[in-house]
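J.: compute the structure for the input listed below.
(one chain, ligands or ions: 3)
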Amino acid sequence: MKQFFVTGISTDVGKTLVAAILTEALEADYWKPVQTGALEDSDSATITRLISNDKTVIHPNSYSFKAPISPHEAAALEGAHIDPNKIHEPETDNDLVIEGAGGLLVPLNDSDTILDLIMPAYKVIVVCNHYLGSINHSLLTINWLLGKGYDVSIVFNGEPNKASEEIILKKTGVLVLGRIKKEPIINKDIVKAYAKEFRKALVVA
Ligand SMILES: Nc1ncnc2c1ncn2[C@@H]1O[C@H](COP(=O)(O)OP(=O)(O)OP(=O)(O)O)[C@@H](O)[C@H]1O
Ligand SMILES: C[C@H](N)[C@H](N)CCCCCC(=O)O
Ligand SMILES: [Mg+2]
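T.: Residues are numbered from 1 along each chain as shown. Ligands and ions are numbered 1, 2, ... in the order given. Down below sits the predicted model:
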């Protein structure tokens, strides 16, 4: 069984959409260890809404906080402290899609970050958007992961940008798992269609 950790070059880049597509493609389980902004729609609720298969189990967050801000601060506002030793990967015989919060170095507390939740055996998927500044964000994220020895691939999400994509791939040499267009609406049908496309790439991943 495989574990896929979905991170991104920042927050709001489409990690939950990509996680929904991977979860649906593999009929995998889904787990978001640390959720902030839980008063809005949680990512687990979004996944529930976007997938169609009945095999997926959505595992509970280890930590969930109301404020839509960095986990270290959201926890402090509720008088809590995030202890990574209390974050245990759920037991399952199924593949598991794990979603981070924001980008790699988002703090969980004064010393630990999202990066500390990524185990060496995980396949790491970096969701990249194209915006001015995203080349730098993409290279920092991917090179940091490669430097630590992770198996990394990219999903490009949203408006394409050939020049940005080319330079990111040239400088990192990582594999592209897939591309997602900017869609007018995100629903079960869209997720199902991309899941079909991604399934082939995932077999060899
Ligand atoms: N390809 C796309 N086409 C249209 N809308 C998109 C696309 N990708 C993402 N979105 C929308 O952008 C918003 C942010 O995406 P998403 O919630 O997946 O980001 P995220 O990286 O998971 O953020 P977080 O750090 O909060 O977990 C959502 O409203 C989502 O539906
Ligand atoms: C609330 C938001 N949607 C995410 N869950 C958390 C993003 C934290 C980003 C912190 C930062 O990098 O400045
Ligand atoms: Mg998300």
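
J.: in this protein, what residue lies closest to ligand 3?
T.: Closest residue of the chain to ligand 3, Cβ to the ion: Thr16 (3.4 Å). (C-beta placed from N, C-alpha, C; glycine too.)

J.: ok, that residue - how many residues close by?
T.: 24 (other Cβ atoms under 10 Å).

J.: what of Gly103?
T.: 22.

J.: same deal with Pro184?
T.: Neighbour count of Pro184, defined by other Cβ under 10 Å: 6.

J.: kindly report the same for Ala45.
T.: Residues near Ala45, counting by other Cβ under 10 Å, number 14.

J.: using the three-state scheme, assign it.
T.: Going by DSSP: H, G, I helix; E, B strand; the rest coil, the secondary structure assigned to Ala45 is helix.

J.: how near is it to ligand 2?
T.: Using Cβ to the nearest ligand atom, to the nearest Å, Ala45 is found at 13 Å from ligand 2.

J.: rewinding a little: look up how far Leu177 lies from the residue of the chain closest to ligand 3.
T.: Separation of Thr16 from Leu177 (Cβ to Cβ, to the nearest Å): 16 Å.

J.: quick check: Ile186 vs Glu73, distance?
T.: Taking Cβ to Cβ, one finds Ile186 at 28 Å from Glu73.

J.: same question for Leu140.
T.: Leu140 is 22 Å from Glu73, by Cβ to Cβ.

J.: around ligand 3, pick out the residues from this structure.
T.: Counting by Cβ under 5 Å from the ion, the chain comes close to ligand 3 at 15-16, 43.

J.: closest to ligand 2 among those residues?
T.: Within these, proximity to ligand 2 (Cβ to the nearest ligand atom) peaks at Asp43, which comes in at 7.7 Å.

J.: tell me how many other residues crowd that closest one.
T.: 22.

J.: Lys170 too?
T.: The tally of other residues near Lys170 (other Cβ under 10 Å) stands at 8.

J.: pLDDT score for it?
T.: pLDDT recorded at Lys170 is 98.

J.: residue boundaries of the helices in the protein?
T.: Using DSSP state H, the helices of the chain run over 15-26, 43-50, 71-77, 134-147, 162-172, 188-204.

J.: want to throw the ones you listed into a markdown table with distance to Pro120?
T.: Output for these, formatted as a markdown table (distance: least, Cβ to Cβ, whole Å):
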| stretch | distance to Pro120 |
| --- | --- |
| helix 15-26 | 20 |
| helix 43-50 | 24 |
| helix 71-77 | 22 |
| helix 134-147 | 11 |
| helix 162-172 | 19 |
| helix 188-204 | 20 |
